[in-house]
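>>> Quick one: sequence plus predicted model below, questions after.
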Amino acid sequence: MFRSLTILKRLMSVALTLARYDVLFLFEQLGIAPVIVFMARLVPVGRVRGIKQMRPGQRLARALHDLGPTAIKLGQALSTRPDVMGDEIADDLTELQDRLPPFSGKEARRIIEEDLGGPVEKFFSEFNDEAVAAASIAQVHFAKTIEGEEVAVKVLRPNIRRDFKADFHLMSTIAQWVERARPDLMRLKLVESVQALEDTVRFEMDLRFEAAAADEMRENFKDDDYFYIPEVKWPYCAKRVMVLERIHGLNVDEIDELNKAGHNPNDILEKASMAFFNMVFRDGFFHADLHPGNMFVLNDGRLAAVDFGITGRLDHATQRHLGELLLSFITRDYKRCAEVHFEAGWVPMNQSVELFTQAARSIAEPIMGLPQNEISMARLLAQLFEVTEYFAMETQPQLIQLQKTMLIAEGVGRNLNPNVNMWFLAEPFIERWMRDNLGPQARVKAVASETRDTLLRLPRIIANIEERLDDIGKNGLKLDTGKRPGVRHTGFNWMGWVIALGLAAALIVEYLD
């Protein structure tokens with residue numbers, strides 16, 4: 001009862017803030033809490049000045065910013081869901097800035113001392129109390145270690161875990177209400193999406209995970225001379241504190257300064273394009289928040305990235321399907337585009353391939369018919385996601401996250417050179433990747449690899465089945481497992497064949513390499 005009252009109180013507070021910005025349509029469109037909406041309209045909250053000149057999405061972005069860190073994260077997630085919010089509102093939400101007033105340097109020092117186990121002076125010879133960046137989860141201070149290395153120190157906001165936990169409980173409750181009130185929206189997996197967002201934020205709130213992500217990405221790019229990831233200073237990392245090598249460079253959107261320093265925007269764009277494609281297709285592990293504030297151009301011309309709180313992963317099968325999907329759009333092979341959706345399991349098999357082909361054409365032709373520099377693959381994917389309702393497609397969170405990243409990357413590219421398309425700039429790389437990963441030899445290798453993995457898992461699967469059969473037998477069911485006195489059990493021979501076939505598949509993979 002107390003928890004329900006707490007939820008209703010918080011929900012009313014949210015509704016009043018939405019009313020001040022005239023965006024109660026968020027609740028109305030979802031068909032939830034009509035009594036709360038009615039009461040919020042009755043309360044004379046006073047409208048924010050100037051909202052009549054704002055679009056609905058702009059007003060919603062302002063309201064979410066006022067509601068605090070969790071709402072900001074929610075708004076950023078909704079910006080990737082035009083299927084939920086519509087194109088215009090989703091676009092406006094992309095402008096929602098994850099910036100909040102910094103907390104005090106004194107508080108940052110207290111957290112550092114608690115997590116590292118000693119006074120700040122024990123670890124840092126210099127520590128700047130003024131934060132250089134402050135977001136919803138954490139803020140960053142510049143410092144110098146005892147060894148004299150210049151570093152960036154990221155410190156988690158005080159009490160952030162408690163605040164997020166309460167807010168996500170409310171969001172989960174709302175998502176459940178929506179799915180009960182609007183069964184037609186079940187395919188959007190709102191409850192699962194809230195859970196996924198909560199899991200992402202939970203990872204963000206343990207800075208050791210972010211440090212691990214930075215370290216992994218640094219390892220992935222160790223042999224590349226065009227893209228740099230700062231080194232993690234592990235001895236200074238803890239749950240609420242992360243320390244990275246400090247980067248000196250110009251933000252990627254400071255075009256005038258970049259030109260003055262002698263950097264060629266086209267070269268920068270090419271490097272950014274190559275880095276993005278390597279993350280997605282080579283590594284299957286990508287930086288999912290590559291906005292201009294997180295990308296720098298170093299003095300030697302290399303690109304560098306910071307802030308690894310939000311990352312994404314794609315397994316090899318998804319990489320392959322995504323690669324074929326992009327190729328099918330570039331070549332305008334819409335039948336293949338439809339087939340990829342069915343092969344990947346994104347569209348139920350009871351749907352029509354022909355109708356999906358027609359839908360893909362209707363979405364892609366207006367975009368692919370534009371001048372090359374105006375083609376947006378991110379927008380194409382976003383519009384493709386919008387047809388999900390017609391074909392009972394379930395939401396693919398990993399693709400939505402990637403689409404958001406692509407949208408940010410395109411924005412960076414257009415800022416560097418509005419006349420060049422980053423996707424076509426990387427065409428040689430795409431073609432090489434397609435040849436290596438989608439050609440006949442690659443397909444044989446993929447099948448062999450999958451067969452090997454399946455066969456090597458079989459002994460454990462069979463062992464589990466035998467354990468279940470034994471359990472059922474002990475519970476009173478009489479089952480003939482084939483084990484009789486005096487009769488040789490063939491399980492060992494079967495296991496031997498499984499292992500032999502697995503090793504054979506492994507040898508095929510090695511040969512194809």
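Received the coordinates, thanks.
>>> where in the stretch 101-250 of the chain is pLDDT low?
Scanning the stretch 101-250 of the chain with the threshold set as pLDDT under 70 gives 187-188.
>>> For it, just list every one of the strands.
Remark: strands assigned in the stretch 101-250 of the chain by DSSP state E, counting those that start in this stretch are 124-127, 133-134, 138-145, 150-156, 227-228, 241-245, 249-251.
>>> quick one, which of those strands is nearest to residue 37?
strand 133-134 (33.1 Å; C-beta to C-beta). From N, CA and C alone the C-beta is placed, and that goes for glycine too.
>>> Note down every partner strand of that closest one and its orientation.
strand 138-145 (antiparallel) (DSSP bridges).
>>> CA-only coordinates of the strand it pairs with in CSV, if you can.
Taking C-alpha atoms only, strand 138-145 is exported to CSV below (Å, rounded to 0.1, in the frame of the first residue of the first chain):
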residue,chain,number,x,y,z
ALA,A,138,28.9,11.3,-13.2
GLN,A,139,31.2,14.2,-13.7
VAL,A,140,34.9,14.6,-14.8
HIS,A,141,37.8,16.4,-13.1
PHE,A,142,41.3,16.9,-14.5
ALA,A,143,44.2,15.7,-12.2
LYS,A,144,47.8,14.6,-12.1
THR,A,145,48.8,11.3,-10.5
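>>> Only the buried residues of it, if you could.
For strand 138-145, a neighbour-count test (16 or more other C-beta atoms under 10 Å) marks 138, 139, 140, 141, 143, 145 as buried.
>>> and stretch 383-390, how far apart are its ends?
13 Å (C-alpha to C-alpha, to the nearest Å).
>>> With stretch 257-265 instead?
Start-to-end, stretch 257-265 (C-alpha to C-alpha) is 11 Å.
>>> now that stretch: how far from the chain's centre is it?
Relative to its parent chain, stretch 257-265 has a centroid offset of 31 Å by C-alpha atoms, centre = their mean, to the nearest Å.
>>> what mean pLDDT would you report for it?
Stretch 257-265 comes out with an average pLDDT of 92.
>>> hmm, back to that, let me know which of the strands of the stretch 101-250 of the chain is tucked in deepest.
strand 241-245 (a mean of 25; mean count of other C-beta atoms under 10 Å).
>>> any idea how far that strand is from the chain center?
22 Å.
>>> so that strand versus strand 150-156, what angle?
Per axes from the mean of the first three to the mean of the last three C-alpha atoms, to 10 degrees, the angle that strand 241-245 makes with strand 150-156 is 160 degrees.
>>> one step back: residue 338 is nearest to which of the strands of the stretch 101-250 of the chain?
Per C-beta to C-beta, nearest to residue 338 of the strands of the stretch 101-250 of the chain: strand 227-228, 34.9 Å.
>>> Walk me through which strands that closest one pairs with, and which way each runs.
For strand 227-228, pairing defined by DSSP bridges yields strand 303-305 (parallel).
>>> Just the residues contacting the strand it pairs with, thanks.
The contact list for strand 303-305, computed with C-beta atoms under 8 Å, 6 or more residues apart in numbering, reads 217, 226-230, 247, 249, 252, 268, 271-272, 275, 287, 290, 294-298.
>>> Could you tell me which of those residues count as buried?
Looks like the contacts of strand 303-305 have 217, 226-230, 247, 249, 252, 268, 271-272, 275, 287, 290, 294-297 buried, using 16+ other C-beta under 10 Å.
>>> Out of the contacts of strand 303-305, name the ones that lie in helices.
Within the contacts of strand 303-305, residues falling in helices by DSSP state H are 217, 268, 271, 272, 275.
>>> Using a markdown table, lay out those together with distance to residue 467.
Listed next are the ones in helices among the contacts of strand 303-305 as a markdown table, based on distance: C-beta to C-beta, whole Å:
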| residue | distance to residue 467 |
| --- | --- |
| 217 | 40 |
| 268 | 58 |
| 271 | 53 |
| 272 | 52 |
| 275 | 47 |
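>>> Pull the most distant pair out of these.
Maximum distance among the ones in helices among the contacts of strand 303-305 (C-beta to C-beta): 18.9 Å, for 217 and 268.
>>> re earlier: so which of the ones in helices among the contacts of strand 303-305 would you say is closest to residue 45?
Out of the ones in helices among the contacts of strand 303-305, the member with the shortest distance to residue 45 (by C-beta to C-beta) is residue 272, at 44.3 Å.
>>> Confirm for me that residue 7 is in contact with residue 167.
No. The pair residue 7 and residue 167 does not pass the contact test of C-beta atoms under 8 Å, sitting 10.8 Å apart.
>>> of these two, who's got more company?
residue 167 (21 against 15; other C-beta atoms under 10 Å).
>>> For the more buried one, which residues are in contact?
10, 68, 69, 70, 71.
>>> So which of the residues you listed wins on neighbours?
Busiest of these [other C-beta under 10 Å] is residue 70, holding 22 neighbours.
>>> So that one lies in a helix, does it not?
Yes. Assessed by DSSP: H, G, I helix; E, B strand; the rest coil, residue 70 belongs to a helix.
>>> Tell me, how many residues neighbour residue 181?
For residue 181, using other C-beta under 10 Å, the count is 14.
>>> surely it meets residue 28?
No. Between residue 181 and residue 28 there is no contact under C-beta under 8 Å: 11.3 Å.
>>> re the thing from before, and the contacts of residue 167, which two are furthest apart?
Of all pairs drawn from the contacts of residue 167, the greatest distance, 14.3 Å, lies between 10 and 69 (C-beta to C-beta).
>>> quick one, strands of the stretch 301-450 of the chain?
303-305, 311-313.
>>> Which one, of those, ends up nearest to residue 406?
strand 311-313 (11.0 Å).
>>> who does that closest one pair up with?
Sheet pairing for strand 311-313, using DSSP bridges, gives strand 285-287 (antiparallel).
>>> end to end, how far does stretch 89-98 reach?
First-to-last distance for stretch 89-98 - C-alpha to C-alpha - comes to 17 Å.
>>> got the buried residues for it?
89, 90, 91, 92, 93, 94, 96, 98.
>>> Can you tell me what sits against it?
55-58, 60-61, 64-65, 72-73, 75-76, 78-82, 84-85, 135-136, 382, 407.
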